[in-house]
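Visitor: Sharing a sequence plus its predicted fold:
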Protein chains: 2
Amino acid sequence: MIQQEMVIAGSTVQYVFDAGLSKLSSLCDKKTTVIITDENVFAAHGSKMKGWRTIVLKPGEAYKQQSAIDSILGQLMEMEADRSTTLVGIGGGVVTDMTGYAGAVYMRGVRTGFVPTTLLAMVDASIGGKNGVDVGVYKNLVGTIRQPAFLLFDTALLQTLPELEWQNGFAEIIKHAAIKDATMFNDLQQHDLHYFQQHKAALKQLVMKNALLKTSVVKKDPFEKGDRKLLNFGHTLGHAIENDQQLSHGYAVAVGMVYAAHLSQQLLQFKQPLELIQTIEQYGLPTHAAFDMQRALYNMRHDKKRVRDVMHFVLLQKLGKAVVHPIAIKQLEKLLLSH
Amino acid sequence: MIQQEMVIAGSTVQYVFDAGLSKLSSLCDKKTTVIITDENVFAAHGSKMKGWRTIVLKPGEAYKQQSAIDSILGQLMEMEADRSTTLVGIGGGVVTDMTGYAGAVYMRGVRTGFVPTTLLAMVDASIGGKNGVDVGVYKNLVGTIRQPAFLLFDTALLQTLPELEWQNGFAEIIKHAAIKDATMFNDLQQHDLHYFQQHKAALKQLVMKNALLKTSVVKKDPFEKGDRKLLNFGHTLGHAIENDQQLSHGYAVAVGMVYAAHLSQQLLQFKQPLELIQTIEQYGLPTHAAFDMQRALYNMRHDKKRVRDVMHFVLLQKLGKAVVHPIAIKQLEKLLLSH
């Protein structure tokens, strides 16, 4: 077990790596804690939640809506949860996002903690304090930025994950390497998905490295005024096609990274799009998808990152070095429709 | 016009006293601003909002619910409001609470400003960053604490207020004096409601003094760990009877202050309950109400200020000096039921 305290935007977040879920009781008191999870996680790991009060959600992004938050808040009231309550989200990004949001607004804020159970949530979604729900097809349109009190990482939970969930996680890992860490990118090029599924120590290391990489970006820029925007690499187009096309988040981001790599080539003379594409393929992720670009552009205009008539796109100068590049909506339409 | 910048919990809040509503355009840009108001305020002052995009809510505490927030967020999306949008709440506490909450969660937070139009909102509700909605009879069960970017005070807006609204405001003014300012209490004793309705300069002074008194309490304790709790004087019982009895907030707080004064007498040898009661009467407020104390106690147990089996009640040592006093629920029942 490796413990580390990080201060993010004035809040102390306790990271507990390489620990079992059973360590939860050292982080919060059973009597004053409510676990929030979903049916899938509860089916796989419910036995480890015995004796804890638990709210079980329907699984999946489709239920990441205000109505689910209303239901959580109603159940907390029935349990007479008060300001001394800790909410612990055990699940993927949907569960940790909703737990974080419910915890931010219930009685104007109670203590929260997360136990991510997917690779995507471990390396990305559970970290950084962003939370919220979707409104229709618009992802995370409502929410807050608020840090959890603790994060518990138990990579043993990943063993029950379907292949798709492994691929989803690696989309964000490849993204991290592409924008910030050429050495990690090189390491990813040397291996493949199967390798990390088989080598537990290498997986633990990779999870910790990525969790800390994201944390260090968030620490420097908790409210996304600058560097944190780089984490949106592949996400602007990714979000715009994800719900429409019923793509998983990782698949959508993988496709988004490929388009962003082409834009980087055209606008910033980025020279390694093929290396990025090859690595994406090594981890079982798609490099293209059938979608209506006009509709994707419409969705992007309604994305919360739009500021008037300019999109702030994350592009690569080289592998390991990203920048935010403003592109006028009109120019973006021309570039993307020409593909 | 008197301008003052206050830093509360790291946020800069601009206070503009003694200004007309027309000054709004110097605080935010018409093109990127959305005004949120209610039908009553719009009927009285809508002509001053010409040329601004406006969301008009149904008036009253009964509509301070999540469904109204959902409606605001939907309208903001239709207007293509983005992260550069400012939301300005023009209205009483219900409007400023909902504007603050919508602004805290829309796209994870946009700039907000308030123009309080009731005396209660000017001296209390619009100040301090608490926002939220009720859940059933439980007031402000969901919300955040987040400061607005500016507050604009135009006491001319008060001239159209019904008598009840004046009384409501004075309940909080009397509360401020009782917990923090013996000199102001003395001043209130020397005058009455009619005097402040007739003397504009005295009213402006009183509004500014109370807005700054509340601000200074909030500045020292933005997240209600200590001193800010004193502002709950009269509110614990007040909230518990307000919705059940269809009492206005000020009436409920006035009755709550009288009960708290009696508890103060019994537990802290407070010697001035009659002075407090007399002053409450001078401002047209009730000192008792017909209600079911058992039901009020049940509501209190479900109030968000309850921490386990102890209530933290605000009591008076003397006029101008309040303290937080823990009372076991059982003892509280005994004391209150004996009245």
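Guide: Structure's in. What do you need?
Visitor: For stretch A:115-134, output the C-alpha coordinates as PDB.
Guide: These are the backbone C-alpha positions of stretch A:115-134, laid out as PDB (Å, rounded to 0.1, in the frame of the first residue of the first chain):
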ATOM      1  CA  VAL A 115     -13.000   3.800  -5.200                       C
ATOM      2  CA  PRO A 116     -12.700   3.600  -9.000                       C
ATOM      3  CA  THR A 117     -13.500   0.200 -10.400                       C
ATOM      4  CA  THR A 118     -12.700   0.700 -14.000                       C
ATOM      5  CA  LEU A 119      -9.300   1.500 -15.600                       C
ATOM      6  CA  LEU A 120     -10.800   4.600 -17.100                       C
ATOM      7  CA  ALA A 121     -12.000   5.800 -13.700                       C
ATOM      8  CA  MET A 122      -8.600   5.000 -12.100                       C
ATOM      9  CA  VAL A 123      -6.500   6.900 -14.500                       C
ATOM     10  CA  ASP A 124      -8.800   9.700 -15.400                       C
ATOM     11  CA  ALA A 125     -12.500  10.100 -14.400                       C
ATOM     12  CA  SER A 126     -12.200   9.800 -10.600                       C
ATOM     13  CA  ILE A 127      -9.400  12.300 -10.500                       C
ATOM     14  CA  GLY A 128      -9.500  16.100 -10.500                       C
ATOM     15  CA  GLY A 129     -12.800  16.900  -8.800                       C
ATOM     16  CA  LYS A 130     -14.900  17.500 -11.900                       C
ATOM     17  CA  ASN A 131     -18.300  15.900 -11.400                       C
ATOM     18  CA  GLY A 132     -21.800  16.200 -12.900                       C
ATOM     19  CA  VAL A 133     -24.500  14.800 -15.000                       C
ATOM     20  CA  ASP A 134     -25.500  15.000 -18.700                       C
END
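Visitor: quick one: it near chain B?
Guide: Yes - on the criterion CB under 8 Å from any CB of the partner chain, stretch A:115-134 is in touch with chain B at A:Lys130, A:Gly132. (Glycine included, C-beta is placed from N, CA and C.)
Visitor: Run the chain-centre distance for that stretch.
Guide: Going by CA atoms, centre = their mean, to the nearest Å, the spacing between the C-alpha centre of stretch A:115-134 and its chain's C-alpha centre is 5 Å.
Visitor: in it, what counts as buried?
Guide: A:115-134 (16 or more other CB atoms under 10 Å in any protein chain shown).
Visitor: Excluding chain neighbours, give the residue nearest to the residue most central in space within chain A in space.
Guide: In chain A, the C-alpha nearest the mean C-alpha coordinate belongs to A:Ala125, at 2.5 Å (CA atoms, centre = their mean). Nearest-residue entry for A:Ala125: A:Gly93, 2.9 Å, with adjacent residues in sequence omitted and distances by CB to CB, 6 or more residues apart in numbering or on different chains.
Visitor: For that neighbour, the count of nearby residues, please.
Guide: 25 (other CB atoms under 10 Å in any protein chain shown).
Visitor: ok, now how distant is it from A:Thr37?
Guide: Separation of A:Gly93 from A:Thr37 (CB to CB, to the nearest Å): 13 Å.
Visitor: and what of A:Leu203?
Guide: Distance, A:Leu203 to A:Thr37, using CB to CB: 23 Å.
Visitor: Looking at the two, which is more packed in?
Guide: The neighbour count for A:Leu203 versus A:Thr37, taken as other CB under 10 Å, is higher for A:Thr37 (27 against 18).
Visitor: So the more buried one, which state does it fall into?
Guide: strand (DSSP: H, G, I helix; E, B strand; the rest coil).
Visitor: For stretch A:269-286, which outside residues touch it?
Guide: Residues from elsewhere that reach stretch A:269-286 (CB atoms under 8 Å, 6 or more residues apart in numbering or on different chains): A:163, A:166-167, A:170-171, A:173-174, A:178, A:185, A:188-189, A:191-193, A:250-251, A:254-255, A:257-258, A:261-262, A:264-265, A:287, A:315-319.
Visitor: whoops, stretch A:224-234 was the one
Guide: Counting contacts by CB under 8 Å, 6+ apart, the residues outside stretch A:224-234 that touch it are A:124, A:128, A:145, A:171, A:175, A:178-180, A:214, A:217-218, A:220-222, A:253-257, A:260, A:305, A:312, A:314, A:316, A:322-324.
Visitor: what's the answer for stretch A:176-193, then?
Guide: When contacts are defined by CB under 8 Å, 6+ apart, stretch A:176-193 is touched by residues A:123-124, A:166-167, A:170, A:173-174, A:202, A:209-210, A:213-214, A:217, A:230-231, A:233, A:257, A:275-276, A:278-279, A:282-284, A:314, A:316, A:318-322.
Visitor: burial of the residue nearest to A:Val94 when sequence neighbours are not counted, as a residue count?
Guide: Counting by CB to CB, 6+ apart, the nearest residue to A:Val94 once its immediate chain neighbours are dropped is A:Lys64, at 4.9 Å. With neighbours defined by other CB under 10 Å, the count for A:Lys64 comes to 21.
Visitor: And the pLDDT for A:Lys64?
Guide: In the prediction, the pLDDT value recorded for A:Lys64 is 95.
Visitor: How about the one 3 residues further on?
Guide: The score at A:Ser67 is 94. That number is its pLDDT.
Visitor: distance of it from chain B?
Guide: 9 Å (CB to the nearest CB, to the nearest Å).
Visitor: again, but for A:Asp292
Guide: As judged by CB to the nearest CB, A:Asp292 and chain B stand 20 Å apart.
Visitor: Please name the residues that touch that residue.
Guide: A:Asp244.
Visitor: What of A:Lys30?
Guide: A:Gly51, A:Trp52.
Visitor: Can you verify A:Ile327 is assigned to a strand?
Guide: Yes - counting by three-state DSSP, A:Ile327 is part of a strand.
Visitor: picking up where we left off before, in terms of contact, does the residue nearest to A:Ala125 touch A:Thr118 like I think?
Guide: Yes - A:Gly93 lies in contact with A:Thr118 (CB atoms under 8 Å); the separation is 7.1 Å.
Visitor: Report the set of residues contacting both of those two.
Guide: Contact criterion CB under 8 Å, 6+ apart; residues bridging A:Gly93 and A:Thr118 by contacting each: A:Ala125.
Visitor: which parts of chain A sit against chain B?
Guide: Of all the residues in chain A, those lying near chain B are A:10, A:66, A:70, A:73-74, A:77, A:80, A:82-84, A:104-109, A:130, A:132, A:135, A:138, A:140-145, A:301-302, A:304-308, going by CB under 8 Å from any CB.
Visitor: What are the boundaries of the helices in the stretch 51-200 of chain A?
Guide: With DSSP state H, counting those that start in this stretch as the criterion, the stretch 51-200 of chain A has helices at A:66-78, A:93-105, A:119-120, A:163-180, A:182-190, A:193-198, A:200-220.
Visitor: Which residue comes closest to A:Lys209 once chain neighbours are left out?
Guide: Spatial nearest neighbour of A:Lys209, chain neighbours left out: A:Met184 (6.7 Å); criterion: CB to CB, 6+ apart.
Visitor: quick one: the strands in the stretch 201-339 of chain A?
Guide: Taking DSSP state E, counting those that start in this stretch as the test, the strands found in the stretch 201-339 of chain A are A:310-318, A:321-328.
Visitor: do the stretch 1-150 of chain A as well
Guide: With DSSP E, counting those that start in this stretch applied, the stretch 1-150 of chain A shows strands at A:2-8, A:11-17, A:33-38, A:53-57, A:86-91, A:111-116, A:133-135, A:138-142, A:150-152, listed in chain order.
Visitor: Parallel or antiparallel, list what pairs with the last one.
Guide: As defined by DSSP bridges, the strand partners of strand A:150-152 come to strand A:11-17 (parallel), strand A:111-116 (parallel).
Visitor: what about A:Leu316, how many neighbours?
Guide: Other residues within reach of A:Leu316 by the criterion other CB under 10 Å amount to 26.
Visitor: what about the strands of the stretch 201-339 of chain A, which gets the closest to B:Gln331?
Guide: Go through those one by one with CB to CB and the one that ends up closest to B:Gln331 is strand A:310-318, at 58.8 Å.
Visitor: Nothing else from me, thank you.
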